[in-house]
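Engineer: Take this sequence and fold it.
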Amino acid sequence: MVAVLHLSWYDEMIEWVPNTYGGIYTLLTESESLWTPNFVLANTAAKLDKIGDDWQSIRLLFNGTAYYFPLGIYASACSADITLYPWDINICTLQFTPQGHLSTELTIKIPDNQVILDDFSENGAWKLLDTRVQLQNMNNYMAVDISFIIERRPRYAVINILLPVIFMAFLGNVVFLIPTESGERISYSITMLLAIAVFLTLVGDNLPKTSTPMPYFSYFLISLLVTGICVSCATIFNVRIYHKDDTTKAKGKWAKLVIYLDCSNRRKSKGSKVSFNDMKLSKCDEALVDCMPETQNFKTGKNSGQNLSPRNEHLPKQNQVNPLIIEDCMKKTSIEKECHDIKIAWKDVSEALDKIFFVLFNVIILITSLVFFLLILTSERVTIEMS
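Structural biologist: Numbers count the residues shown, from 1 in each chain. Have a look, this model is predicted:
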């Protein structure tokens, strides 16, 4: 940053009587031929050099007071806490010390504990919250610490990095809505995965190269990248399922999965109204899942509670439902015949997996985003006690 230091001291060697020198009370001259304090920026990020140049002027008063205002560009190495990036607050300190002078040889006094901000210009990336000036005494050496409390302006990172990567993560899940016959699923998912990887590179270039601490934002992007990888893997797996041999039908858990989703959708679309309590309705739904070609040992009794479905037999006696109730429930929803006569192809399994994956990965991204924002909101930001 560009700043001006206000330095003044008393030098008995430059006193004069104004009347003796034609009424001259003040004199402006270059600092080359006069003594100046040997201040250096101790934590500089550039070359270590004395503050001020020989061509810069010093104003001398007749009473021996000298005013020196060295203008310079000061680059300091500050340790940044980017845990809450891009909502982080940092403290950057410039430490000026008189090189080689002990505290008994050179006494430093600060007139105020604040930086003069009359000519301060706002920065587009950082907002200045406060300043403070402190005098330090370290092993018989004195130093002046000028601290700036700055807050990052998050709008640029939010609009150009955070929101686009979240939208792309949700957009990547649209792959499960693309028809498998189009042949564009795998290329689409890989493209979205690479887009998130590019954003990881952009964020890495803008963050300080430090591992302590790591920003939550980096973990958030990594989680979205892992989710994108899982989406790509799920897409490839689903395409293989879709192109399986049609001569072999889906059985077991795959068939149950398709039947369950199909029956549930039919019940919702037909809007069936069954005058049973919620307990019996839930048991009826359990019976629908067992309505499979593999489990057609389901038999209906006429006047007894025996010959229950396989799932019903494992229920406690007080929770068992008479098969007549189950049969009546299935008739009312008009799906008994469809459940028994349906033949499950691998394409049907693929379509069912599309629905599950679409909902699953959207929920994962939503939960990941909420966790990230909750961590930002609940974390304690830097607090500065100003004396």
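Engineer: Packing partners of the longest helix along the chain?
Structural biologist: Longest helix of the chain, by residue count under DSSP state H: helix 346-378. If contacts are counted by 3 or more C-beta pairs under 8 Å, 6 or more residues apart in numbering; DSSP states H and E, helix 346-378 sits against helix 163-172, helix 216-242, helix 253-270. Just so you know, the C-beta spots here come from the backbone N, C-alpha and C atoms, and that holds for glycine as well.
Engineer: can you state the direction angle for it and helix 163-172?
Structural biologist: If you take axes from the mean of the first three to the mean of the last three C-alpha atoms, to 10 degrees, helix 346-378 sits at 160 degrees to helix 163-172.
Engineer: thinking again about what came up before, turn the helices and strands packed on helix 346-378 into JSON lines, including mean pLDDT and distance to residue 146.
Structural biologist: Below are those laid out as JSON lines (pLDDT from 0 to 100; distance: least, C-beta to C-beta, whole Å):
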{"stretch": "helix 163-172", "mean pLDDT": "90", "distance to residue 146": "37"}
{"stretch": "helix 216-242", "mean pLDDT": "90", "distance to residue 146": "30"}
{"stretch": "helix 253-270", "mean pLDDT": "66", "distance to residue 146": "66"}
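Engineer: mind putting those helices in TSV, distance to residue 39 and mean neighbour count included?
Structural biologist: Listed next are those as TSV, based on distance: least, C-beta to C-beta, whole Å; neighbours: other C-beta atoms under 10 Å:
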stretch	distance to residue 39	mean neighbour count
helix 163-172	46	17
helix 216-242	38	18
helix 253-270	75	16
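Engineer: who wins for proximity to residue 186 among those?
Structural biologist: Counting by C-beta to C-beta, residue 186 lies closest to helix 216-242 out of the helices and strands packed on helix 346-378; the figure is 6.0 Å.
Engineer: So which elements touch the closest one?
Structural biologist: Using 3+ C-beta pairs under 8 Å, 6+ apart: helix 216-242 touches helix 163-172, helix 185-206, helix 346-378.
Engineer: Worst mean pLDDT among those helices?
Structural biologist: Mean pLDDT values for those show the minimum at helix 185-206, a mean of 84.
Engineer: Who is the closest residue to residue 132 other than its chain neighbours paired with across the strands?
Structural biologist: Among residues not flanking residue 132 along the chain, residue 147 sits closest, at 5.0 Å (C-beta to C-beta, 6 or more residues apart in numbering). Counting by DSSP bridges, residue 147 forms beta bridges with residue 93, residue 132.
Engineer: Kindly provide the distance from residue 147 to residue 115.
Structural biologist: From residue 147 across to residue 115, the span is 9 Å (C-beta to C-beta, to the nearest Å).
Engineer: For residue 199, give me its contacts.
Structural biologist: 161, 164-165, 168, 221 (C-beta atoms under 8 Å, 6 or more residues apart in numbering).
Engineer: Mind doing that once more with 10 Å?
Structural biologist: By C-beta atoms under 10 Å, 6 or more residues apart in numbering, the contact set of residue 199 is 160-162, 164-165, 168, 221, 224-225.
Engineer: What distance do you get for the residue lying closest to residue 124 once chain neighbours are set aside to residue 119?
Structural biologist: With C-beta to C-beta, 6+ apart as the criterion, residue 124 has its nearest non-adjacent residue at 7.0 Å, and that residue is residue 153. Noted for residue 153: a distance of 21 Å to residue 119, by C-beta to C-beta.
Engineer: who's more crowded, the two?
Structural biologist: residue 153 (16 against 8; other C-beta atoms under 10 Å).
Engineer: Let's have the helices and strands packed on helix 216-242 in CSV, adding distance to residue 13.
Structural biologist: Shown next, in CSV, are the helices and strands packed on helix 216-242 (distance: least, C-beta to C-beta, whole Å):
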stretch, distance to residue 13
helix 163-172, 65
helix 185-206, 52
helix 346-378, 59
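Engineer: Figure out which of these is closest to residue 27.
Structural biologist: That would be helix 185-206 among those, by C-beta to C-beta, at 49.7 Å.
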